[in-house]
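> Let's see this in three dimensions:
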Amino acid sequence: MSSDLRASASGRVTAPAVVDHHVHLGLVDWRALGEGPVGEVHDLGWDPAEIDRIARELVPSVRVRSAGPFHTAPGGYPSGRAWAPDAAIVSVDAPESAVTAVAAVSARGGLGVKIALHAGMPLLPDPQLRALIDAAHAAGLRAFVHAEGAGQAARAIDLGADVLVHVPWTERLGDDTIRRAAEAGMEWISTLSIHAGVALERALDNARRFRAAGGTLRYGTDLGNGDLPVGLNAREIRLLGEAGLAGDALHAAVFSRDPRDSAALSHTDPLPTTADALADWLATAIRRSPIDRNPNGASA
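A predicted model of the protein is given here:
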């Protein structure tokens, strides 16, 4: 990350835009994303047509990439939730329907395949879960899994998921499970700020051990889940520090890796290496210009 920093003729330091790796734009006033340091968002579960429309309206302020709908068991999460439109949910009742569903995501150029494993509601059996993950990989896509409840994160890890869209918070994962996830090159999206109390401490413990094992954390907020700020979430940045991120690892978790965004933000102060200081730096950084956009941002 340090190699991406530049000093302009005026002495100001520039840095890439922030990427929020987990949002649900259909649940927030997305117009408020406008001018802040967040230059790219990854929508992980919504009506694809609605996200395409939102993405077009957000150009040129924010690049939107979308995984499309939730893929779940019939009646599984988030079925029946008042906030979840029917078009945001695809029921997968057999391995063959998993292949068809992934083909639809691939055809629209989706970011990846979002899969829901939520204990307490109907769960995808292993054959369907494996078929979704294998079909995603065959299409050159990553499998993004919402894993909630005892054993669900381990299932996702063991069957080859690429990303857990939340740091696990409903149980303390075993060291062996965490080691397997790290060795497989998984990414975990933080979403720590949606938690408090025991759930937060459990998530931080899992995150610290994942990092210690060599795993990769990415900044993501689950924007749309509760009363979260639209744009930069300073608490999420600070919690990344509590999870053990600093320096280049912190910058890699937060900033865009797209070379088009390498000078998106400007500040008079050097880029900090600690999470607390980075949250303050980002809050006062200046957006230099609109982010260079792919006109088909929703399906980039």
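
> low-confidence ranges in the protein?
Within the chain, the segments meeting pLDDT under 70 span 1-10, 289-300.

> try it again with 50
1-4, 9, 293-300 (pLDDT under 50).

> which helix in it runs the most residues?
Ranked by residue count and defined by DSSP state H, the top helix of the chain is helix 197-212.

> Which residue ranges of this protein form strands?
With strands called from DSSP state E, the chain shows them at 6-7, 13-15, 18-23, 38-43, 63-66, 70-72, 89-91, 112-118, 142-148, 163-164, 187-189, 216-218, 265-267, 286-287.

> Now those in JSON lines, please, with extra columns for mean neighbour count and distance to Q128.
Using the backbone N, CA and C atoms, a C-beta is placed for each residue, glycine as well. What follows is the strands of the chain, written out as JSON lines (neighbours: other CB atoms under 10 Å; distance: least, CB to CB, whole Å):
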{"stretch": "strand 6-7", "mean neighbour count": "11", "distance to Q128": "48"}
{"stretch": "strand 13-15", "mean neighbour count": "21", "distance to Q128": "42"}
{"stretch": "strand 18-23", "mean neighbour count": "25", "distance to Q128": "23"}
{"stretch": "strand 38-43", "mean neighbour count": "26", "distance to Q128": "23"}
{"stretch": "strand 63-66", "mean neighbour count": "27", "distance to Q128": "22"}
{"stretch": "strand 70-72", "mean neighbour count": "27", "distance to Q128": "9"}
{"stretch": "strand 89-91", "mean neighbour count": "21", "distance to Q128": "10"}
{"stretch": "strand 112-118", "mean neighbour count": "26", "distance to Q128": "9"}
{"stretch": "strand 142-148", "mean neighbour count": "24", "distance to Q128": "12"}
{"stretch": "strand 163-164", "mean neighbour count": "24", "distance to Q128": "18"}
{"stretch": "strand 187-189", "mean neighbour count": "24", "distance to Q128": "23"}
{"stretch": "strand 216-218", "mean neighbour count": "21", "distance to Q128": "26"}
{"stretch": "strand 265-267", "mean neighbour count": "20", "distance to Q128": "42"}
{"stretch": "strand 286-287", "mean neighbour count": "15", "distance to Q128": "43"}
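
> out of those strands, which comes closest to A203?
strand 187-189 (9.6 Å; CB to CB).

> Nearest to E171 among the strands of the chain would be which one?
Using CB to CB, the nearest of the strands of the chain to E171 is strand 142-148, at 9.6 Å.

> tell me which residues in the longest helix of the chain are buried?
Within helix 197-212, the residues that qualify as buried are 200, 202-211, counting by 16 or more other CB atoms under 10 Å.

> ok now do A203, which residues does it touch?
Neighbour list for A203: 166-169, 192, 195 [criterion: CB atoms under 8 Å, 6 or more residues apart in numbering].

> try it again with 7 Å
Residues counted as contacts of A203 (CB atoms under 7 Å, 6 or more residues apart in numbering) are 167-169, 192, 195.

> try V163
So, once contact is read as CB under 7 Å, 6+ apart, V163 ends up touching 142, 144-145, 186-187, 189.

> and which of those residues is nearest to D126?
Looking across the contacts of V163 and measuring by CB to CB, the closest to D126 is V145, at 13.2 Å.

> is it true that that closest one touches D162?
No: counting by CB atoms under 7 Å, V145 does not reach D162; the two are 8.4 Å apart.

> tell me, what's touching those two both at once?
With CB under 7 Å, 6+ apart, V145 and D162 have no common neighbours.

> Let's have the strands of the chain in TSV, adding distance to A252.
Shown next, in TSV, are the strands of the chain (distance: least, CB to CB, whole Å):
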stretch	distance to A252
strand 6-7	17
strand 13-15	12
strand 18-23	10
strand 38-43	14
strand 63-66	18
strand 70-72	28
strand 89-91	32
strand 112-118	19
strand 142-148	17
strand 163-164	15
strand 187-189	11
strand 216-218	8
strand 265-267	16
strand 286-287	21
